[in-house]
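Novice: Provided below are the primary sequence and the corresponding predicted coordinates.
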Amino acid sequence: MRLEAARMQARASEGVRRRQLRVDDGPLHCRMGEYEGISFCGNDYLNLSTHPAVREAMKKAIDRYGSGSCASQLVCGHLPVHRDLEERLAQWLGRESVLLFGSAYQANLGVVPALAGRGDQVHCDRLCHASLIDGARLSGARLRRYRHADTDQLEQRLAAPGEGLKLVLTDSVFSMDGDLAPLPELAAACSRQGAVLMVDDAHGIGVLGRNGAGALEATGLDTCDVPVLTGGFGKALGCSGGFVAGTAELIDHLVQHARSAIYSTAPAPAIAAGVTAAIGVVLDEPWRRARLRENIGYFRRRAAGLGLELPGPEGPIQPVILGAAGRALRVARRLCEQGHLVMAIRPPTVPAGTARLRITLTAQHETAQIDALLVALAGILARDPDPGA
Ligand SMILES: Cc1ncc(COP(=O)(O)O)c(C=O)c1O
């Protein structure tokens, strides 16, 4: 084992050394190490992680089945709670069938290599989540990354002569930028060029669409447009785990070949029950999505009023691009000291020179809390201006 102290030191001096933060209490009012305040850095957009119906469903599943599923899904780990979740999810998403995974990361890591391999091409948006990139690398297919949201560049590449499957991968909502991929245009380009589109809707599920069924519901795309849909339960659904949804034939293929589902213990029964309950809450309590939208609108209006320029997405992920990693770290630390818990996101998670604050909003944030965050941020930025501006 070669632990590179020099490299670690270099990372620290460039402001990109990662640290595991100790969280002592949460999720919304949070204590993290020496800081305490209101969290603006989680993905619990609808605050379902503490919803009574979700907690209750999880407790009941523990009482009925115990703590774990005790085996992989293909051995004896696939319990009635997993079947219930698969059916509920398939119905909600308008897909024939679903396969569950321990996380959305595992879903992408398992699905891509099960679909593509040597001799195939995988085309990823440059800002795709790491799990899609890792799945593509693992597949052994030729990986090409097209410019962010640039459907024209993608289509030119797809149109070039080439053998094998052409698989296109994109996030629906980009995890560090918060913007929405041009899904209808991507689907049309894939259809014209005979490529298969796979969308990771980790940040769209629960938030987008009339019934909260995600980005594909919001854009009116069906299984023909997007044959492979993955996503997770760790964001707006407040639990953990991942899935892939598609035709029964696709899911049957993945049951044979998606190694991260085949060779991994099935999600805990309490997780499956909690997610099923969370889907029920999304459908029964649309006011949560409405409240979230109001908070996003308020945040953006108030930020503009304070002269803060934000790149533009209308979703719960609001990046504030600060440039150098050191500056992003400094600003985040000052916010945390004042009780606004915001994290700095730095390279290599985001491209060099685009270190940022990743501010996330939830339905339960109060306008006074949003106000206080933005006033503090405007003050800190005024005292620590962008040297390149
Ligand atoms: C777009 C996207 N896909 C996948 C994942 C992985 O999700 P999970 O935490 O369920 O592994 C994330 C979150 O980190 C994400 O943002």
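Specialist: Perfect, thanks for sending it.

Novice: Verify the stated contact: Ala116 with Arg137.
Specialist: No: contact status for Ala116 versus Arg137: not in contact, 11.1 Å apart, counting by Cβ atoms under 8 Å. From N, CA and C alone the C-beta is placed, and that goes for glycine too.

Novice: Which of the two has more residues huddled nearby?
Specialist: Set side by side, Ala116 and Arg137 show more neighbours around Ala116, with 26 against 14, by other Cβ atoms under 10 Å.

Novice: and that one, how far is that from Pro227?
Specialist: 13 Å (Cβ to Cβ, to the nearest Å).

Novice: Then Leu361?
Specialist: Distance from Leu361 to Pro227, counting by Cβ to Cβ: 32 Å.

Novice: Can you name the residues that contact Lys166?
Specialist: Lys166 sits next to 120-121, 123, 158, 190, 193-196 when contact means Cβ atoms under 8 Å, 6 or more residues apart in numbering.

Novice: Show me what it is bridged to.
Specialist: Taking DSSP bridges as the rule, Lys166 bridges to Gln121.

Novice: what does the helix or strand where Ala12 lies rub up against?
Specialist: Per DSSP states H and E, Ala12 falls inside helix 5-13. When contacts are defined by Cβ under 8 Å, 6+ apart, helix 5-13 is touched by residues 17-18.

Novice: chain center to that helix, what's the gap?
Specialist: 29 Å (Cα atoms, centre = their mean, to the nearest Å).

Novice: Can you report the mean pLDDT over the residues of stretch 338-357?
Specialist: Averaged over stretch 338-357, pLDDT sits at 93.

Novice: got the buried residues for it?
Specialist: Using 16 or more other Cβ atoms under 10 Å as the test for burial, stretch 338-357 gives 338-346, 350, 354-357.

Novice: longest helix anywhere in this structure?
Specialist: Secondary structure of the chain read by DSSP state H shows that its longest helix is helix 287-305.

Novice: and Leu229, which of the three is it?
Specialist: Under DSSP: H, G, I helix; E, B strand; the rest coil, the three-state class of Leu229 is strand.

Novice: Identify the residues contacting it.
Specialist: 93, 95, 198-199, 201, 214, 216, 244-246.

Novice: ok now stretch 27-46, how far from the chain's centre?
Specialist: So, by Cα atoms, centre = their mean, the centroid of stretch 27-46 is 18 Å from its chain's centroid.

Novice: which residues do Ala116 and Pro227 both contact?
Specialist: Overlap between the contact sets of Ala116 and Pro227, as judged by Cβ under 8 Å, 6+ apart, is nil.

Novice: and the stretch 51-200 of the chain, which residues reach the ligand?
Specialist: Residues of the stretch 51-200 of the chain found near the ligand (Cβ under 6 Å from any ligand atom) are 103-105, 129, 131, 171, 175, 200.

Novice: Which of the residues you listed ranks first by neighbour count?
Specialist: Neighbour tally across those (other Cβ under 10 Å): the maximum, 31 neighbours, falls on Asp200.

Novice: Is that one in contact with Thr230, as I believe?
Specialist: Yes: in this structure, Asp200 is within contact of Thr230 by Cβ under 8 Å, at 4.9 Å.

Novice: list residues touching both of the two?
Specialist: With contacts taken as Cβ under 8 Å, 6+ apart, Asp200 and Thr230 have 104, 108 as neighbours in common.

Novice: one step back: can you put the residues of the stretch 51-200 of the chain next to the ligand in TSV and add secondary structure and pLDDT?
Specialist: TSV is the format used below for those (DSSP: H, G, I helix; E, B strand; the rest coil; pLDDT from 0 to 100):
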residue	secondary structure	pLDDT
Ser103	coil	98
Ala104	helix	98
Tyr105	helix	98
His129	coil	97
Ser131	helix	98
Asp171	strand	98
Ser175	coil	94
Asp200	strand	98
